[in-house]
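*Asks:* Sharing a sequence plus its predicted fold:
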Amino acid sequence: MAGPLSHIRVLDLSRIMAGPWAGQILADLGADVVKVERPGLGDDTRAWGPPFLKDQSGAETREAGYYLCVNRGKRSITIELDKPEGQRVVRALAARSDIVLENFKVGTLKRFGLGYDDLKALNPGLIYCSITGFGQTGPRRDAAAYDFMIQAMCGLMSVTGEPDDKPGGCPEKVGVPIVDIMSGMYATIAVLAALARRSETGRGDYIDIAMLDVGTACLANQAMNYLVSGKVPQRTGNAHPNIQPQDVFGTRDGHMVLVVGNDGQFGKACEVLGHAEWSKDDRFARNAGRVRNRAQLTTLIGEVLRERDTADWVVRLEAAGVPCGPINSVPQVFADAQVRHRGMLVDIPHPLAGTVAQVVSPMRFSEAALAFERAPPLLGEHTADILRELGIEEAQGAA
């Protein structure tokens, strides 16, 4: 395997999104990631469809699109964790691994003799990362969680969506499982930090990642807006609460986003829009004034932008150095010249479909280039190979 982590082994006991997202990042970076799944069923996301991948005859497989987005680069082994034979395999894998990822309910793996203390005894340098909804401590530690409910509980939905007095106004979730994704990213950062520390101390570590903690941390500027002002942040639709003009605007043939980031860009935007006087207006000359007078400014800009097509405005504004862009559909994203140039979409060989499309890692390295050669595995695809590497007979491995 290529990549800067080609010397690292990961035991991925997680399923669904947050843990597997971390595992996929590590696999993209070159780590050998062994994904442990339940015999016959596998990761829950294998069944989260339609859509399902089609084989070369056009028939649906059991590989759901959801599963395929988060398990690239891994090897799959099927093990029954509640049986001694399966636990033996996990211990053997942990003994030779650098990192363990798991997102079982608190205490589950400990009951199987596979908790951190159990595996640390076999491998003192092991970095063990648990990802749960609420963490290993606190009154909700035993509760199950999914991204949607955490988006609600952490406050993200309270600042996402149109205000109640606008058509369709209500709290909205983000269109992708953002807390799952960010939990996976924080988990990845944490295990890499622990790896760096281990190189100095020789000792592993235990990492406790809670989705509610992650969602709360991701409130970012909205949290500080409240902590600084005491005012509860409100839903403002697409309008930025701190910087203006930043919003969605209608054009003659659709919509676009205008993303002015400072007073200088605002002046340039005013010139392109044919109203240089706005940048000298006391209401709008400085960002603080534009935020306070957002409704008036949005109306003025909206009236002008409706006079031309989106593409026309984008060309004019970009030429002046004003950030803006069209609102692309997913197909338009993959047709975009910049996205194509950056190679964000690749086809990887797949045993059933011939190839499977993958949206690959955005990380680029000059000294350790990433390679995307291993498709998301079939259920148990590598069981025999992995058991052979461990010196365990397949019949004894609960495969």
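*Replies:* Cool, got the structure.
*Asks:* which stretches of the stretch 1-150 of the chain form helices?
*Replies:* Taking DSSP state H, counting those that start in this stretch, the helices of the stretch 1-150 of the chain run over residues 18-28, 65-68, 84-95, 108-111, 116-122, 147-153.
*Asks:* what bridges to the closest residue to Gly49 other than its chain neighbours?
*Replies:* Leaving aside its chain neighbours, Gly49 sits nearest to Ala64 (3.5 Å; criterion: Cβ to Cβ, 6 or more residues apart in numbering). C-beta coordinates here come from the backbone N, C-alpha and C atoms, glycine included. Beta-bridge pairing for Ala64 (DSSP bridges): Phe52.
*Asks:* got the contact list for Ala64?
*Replies:* By Cβ atoms under 8 Å, 6 or more residues apart in numbering, the contact set of Ala64 is 45-53.
*Asks:* coming back round to it: of the helices of the stretch 1-150 of the chain, which is nearest Val359?
*Replies:* Shortest distance between Val359 and the helices of the stretch 1-150 of the chain, using Cβ to Cβ, is found for helix 65-68: 10.0 Å.
*Asks:* Report the distance from that closest one to the chain centre.
*Replies:* 14 Å (Cα atoms, centre = their mean, to the nearest Å).
*Asks:* Could you do stretch 8-15 as well?
*Replies:* 17 Å.
*Asks:* Other residues contacting it?
*Replies:* 19-20, 22-23, 26-27, 30-37, 43-45, 74, 81, 90, 93-94, 96-104, 109, 114, 131, 195.
*Asks:* cutoff 6 Å now
*Replies:* Residues from elsewhere that reach stretch 8-15, judged by Cβ atoms under 6 Å, 6 or more residues apart in numbering: 20, 23, 26, 31-36, 43-44, 93-94, 97-103.
*Asks:* what's the span of it from first residue to last?
*Replies:* 20 Å (Cα to Cα, to the nearest Å).
*Asks:* From the contacts of stretch 8-15, which land in strands?
*Replies:* Judged by DSSP state E, those include 32-36, 99-102 as members of strands.
*Asks:* And the residue of the chain most remote from its centre, how far from Thr298?
*Replies:* Within the chain, Glu277 marks the point farthest from the mean C-alpha position, 42.7 Å out by Cα atoms, centre = their mean. Distance check for Glu277 against Thr298: by Cβ to Cβ, to the nearest Å, it reads 17 Å.
*Asks:* With Gln265 as the reference, measure out to Glu271.
*Replies:* Glu271 sits 11 Å away from Gln265, taking Cβ to Cβ as the criterion.
*Asks:* between the two, who's got more neighbours?
*Replies:* Relative neighbour count places Gln265 above the other of Glu271 and Gln265, with 19 against 15, counting by other Cβ atoms under 10 Å.
*Asks:* Can you tell me the closest non-neighbouring residue to Cys69?
*Replies:* Using Cβ to Cβ, 6+ apart, the nearest residue to Cys69 is Val359, at 7.3 Å.
*Asks:* Contacts only, for the spatially most central residue of the chain.
*Replies:* Nearest residue to the geometric centre of the chain (Cα atoms, centre = their mean): Ile181, 2.6 Å. Residues counted as contacts of Ile181 (Cβ under 6 Å, 6+ apart) are Trp21.
*Asks:* Mind telling me what element it is part of?
*Replies:* Element membership for Ile181 (DSSP states H and E) is helix 178-201.
*Asks:* what angle separates that helix from helix 18-28?
*Replies:* Helix 178-201 and helix 18-28 are oriented at 50 degrees to each other (axes from the mean of the first three to the mean of the last three Cα atoms, to 10 degrees).
*Asks:* Please compute how far helix 178-201 lies from its chain's middle.
*Replies:* With Cα atoms, centre = their mean as the basis, helix 178-201 stands 14 Å off its chain's centre.
*Asks:* Give the buried residues for that helix.
*Replies:* Buried residues in helix 178-201, counted by 16 or more other Cβ atoms under 10 Å: 178-184, 186-188, 190-192, 194-195, 198.
*Asks:* again, but for stretch 201-209
*Replies:* 204-209.
*Asks:* Using CSV, list the CA coordinates for that stretch.
*Replies:* Included here for stretch 201-209 are C-alpha records, laid out as CSV according to Å, rounded to 0.1, in the frame of the first residue of the first chain:
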residue,chain,number,x,y,z
THR,A,201,7.0,7.3,25.0
GLY,A,202,6.5,3.8,23.6
ARG,A,203,3.0,3.7,25.3
GLY,A,204,-0.4,3.5,23.7
ASP,A,205,-3.5,5.4,24.8
TYR,A,206,-7.2,5.2,25.3
ILE,A,207,-9.3,7.8,23.4
ASP,A,208,-13.0,8.6,24.2
ILE,A,209,-14.8,10.4,21.4
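*Asks:* Am I right that the residue farthest from the centre of the chain falls within a helix?
*Replies:* Yes. Applying DSSP: H, G, I helix; E, B strand; the rest coil, one finds Glu277 inside a helix.
*Asks:* so who does the spatially closest residue to it that is not a sequence neighbour touch?
*Replies:* Nearest non-adjacent residue to Glu277, counting by Cβ to Cβ, 6+ apart: Cys270, 7.5 Å away. Contacts for Cys270 (Cβ under 6 Å, 6+ apart) come out as 276, 278-279.
*Asks:* Which strand or helix spans Cys270?
*Replies:* helix 263-272.
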